[in-house]
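Participant: no sequence on this one, just coordinates:
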């Protein structure tokens, strides 16, 4: 069963034009869509997860409000046609 994500970031890759989705679960578990994170066991924070942690809301796609009610979407993310939510 997939975990309910409470926050997701769209972090740029070191390769121009590519981004990865970094997610944080309610339990505090992190994940990233990059090959470096998905193909290694045991998993540890990749550079995209570290970037999301260090930059706070800079690359934030969406977040649950602290009340658990509304979803907050930053202005720059509102222009995205599709937001993937696991």
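Facilitator: Okay, I see it. Quantities reported herein were computed from a predicted structural model and do not represent experimental measurements.
Participant: pull the longest helix from this protein.
Facilitator: Counting by DSSP state H, the longest helix found in the chain is helix 47-55.
Participant: the protein: helices as residue ranges?
Facilitator: Counting by DSSP H, the helices of the chain are 35-38, 47-55.
Participant: distance between the last one and the chain's centre?
Facilitator: So that's helix 47-55. 9 Å (C-alpha atoms, centre = their mean, to the nearest Å).
Participant: on that earlier part again, nearest to residue 14, of the helices of the chain?
Facilitator: Residue 14 sits nearest to helix 47-55 of all the helices of the chain, at 7.9 Å, using C-beta to C-beta. All C-beta atoms are positioned from the backbone trio N, CA, C, and that covers glycine.
Participant: which strands or helices does that closest one pack on?
Facilitator: strand 5-12, strand 19-25, strand 30-32, helix 35-38 (3 or more C-beta pairs under 8 Å, 6 or more residues apart in numbering; DSSP states H and E).
Participant: for residue 54, find the nearest of the ones you listed.
Facilitator: strand 5-12 (10.4 Å).
Participant: that closest one packs against which elements?
Facilitator: Contacts defined by 3+ C-beta pairs under 8 Å, 6+ apart place strand 5-12 against strand 19-25, helix 47-55, strand 60-64.
Participant: quick one: that strand to strand 19-25, angle?
Facilitator: Strand 5-12 and strand 19-25 are oriented at 160 degrees to each other (axes from the mean of the first three to the mean of the last three C-alpha atoms, to 10 degrees).
Participant: walk me through which strands strand 5-12 pairs with, and which way each runs.
Facilitator: strand 19-25 (antiparallel), strand 60-64 (antiparallel) (DSSP bridges).
Participant: buried residues of that strand, list them for me.
Facilitator: For strand 5-12, burial by neighbour count (16 or more other C-beta atoms under 10 Å) applies to 5, 6, 7, 8, 9, 10, 11.
Participant: again with stretch 23-43
Facilitator: 23, 24, 30, 31, 32, 33, 34, 37.
Participant: report the distance from stretch 39-48 to the chain centre.
Facilitator: With C-alpha atoms, centre = their mean, you get 14 Å for stretch 39-48.
Participant: gap between the two ends of stretch 13-33?
Facilitator: 11 Å (C-alpha to C-alpha, to the nearest Å).
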